[in-house]
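Asks: Predicted model and sequence below, questions to follow.
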Amino acid sequence: MTAAGTSEPEAPDLAWPVGTAGLNEPKRALVAAAELVAAALLVWLAVWLWSRGTVPLTPIAERPDLAFERYEGNWIGAAVAAGTLALVVVLDAVRQVTLAVRARSRRT
């Protein structure tokens, strides 16, 4: 049997893909600025939701020095979720700034 008579298919080109755009893109700084604005709005939302979730109760006549608050779980949970989302957005903004400033191509 000869090499020309085999019916095996040819192997595809297994080379790594070459990227056309580098990681260093200054427009990433604009994306990071927008994400920081969104994170600030999310923090404001979390504070507002937290204040909605805490309801002060009337003090007891015998003990006016004691203050009671009732916590409503749906508002508190939404506040925690908004705060967590704000943290994730800030982390992504840091990543965007890092890629906009520090990533340089290896071409010299």
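Replies: It's in.

Asks: Can you give the contact residues for stretch 75-82?
Replies: Stretch 75-82 has contacts (Cβ atoms under 8 Å, 6 or more residues apart in numbering) with 42-43, 45-47, 49-50, 52-54. From N, CA and C alone the C-beta is placed, and that goes for glycine too.

Asks: Thr82: how many residues sit nearby?
Replies: Rather than Thr, residue 82 is Ala. Using other Cβ atoms under 10 Å, Ala82 has 20 neighbouring residues.

Asks: Next, it: phi, psi?
Replies: For Ala82, the backbone dihedrals are phi -70, psi -40 (criterion: degrees, to the nearest 10).

Asks: secondary structure element for the residue nearest to it when sequence neighbours are not counted?
Replies: Using Cβ to Cβ, 6 or more residues apart in numbering and skipping the chain neighbours, the partner closest in space to Ala82 is Ala46 (4.0 Å). Element membership of Ala46, judged by DSSP states H and E, is helix 27-53.

Asks: Can you give me the buried ones in that helix?
Replies: Burial within helix 27-53, assessed by neighbour count using 16 or more other Cβ atoms under 10 Å, is assigned to 28, 31-32, 35-36, 38-39, 42-43, 45-46, 49-50, 53.

Asks: where in the protein is pLDDT low?
Replies: Low-confidence regions of the chain, defined here as pLDDT under 70, cover residues 1-6, 11, 17-24, 103-108.

Asks: quick one, helices of it?
Replies: All helices of the chain, identified by DSSP state H, fall at 27-53, 73-101.

Asks: out of these, nearest to Trp16?
Replies: helix 73-101 (20.2 Å; Cβ to Cβ).
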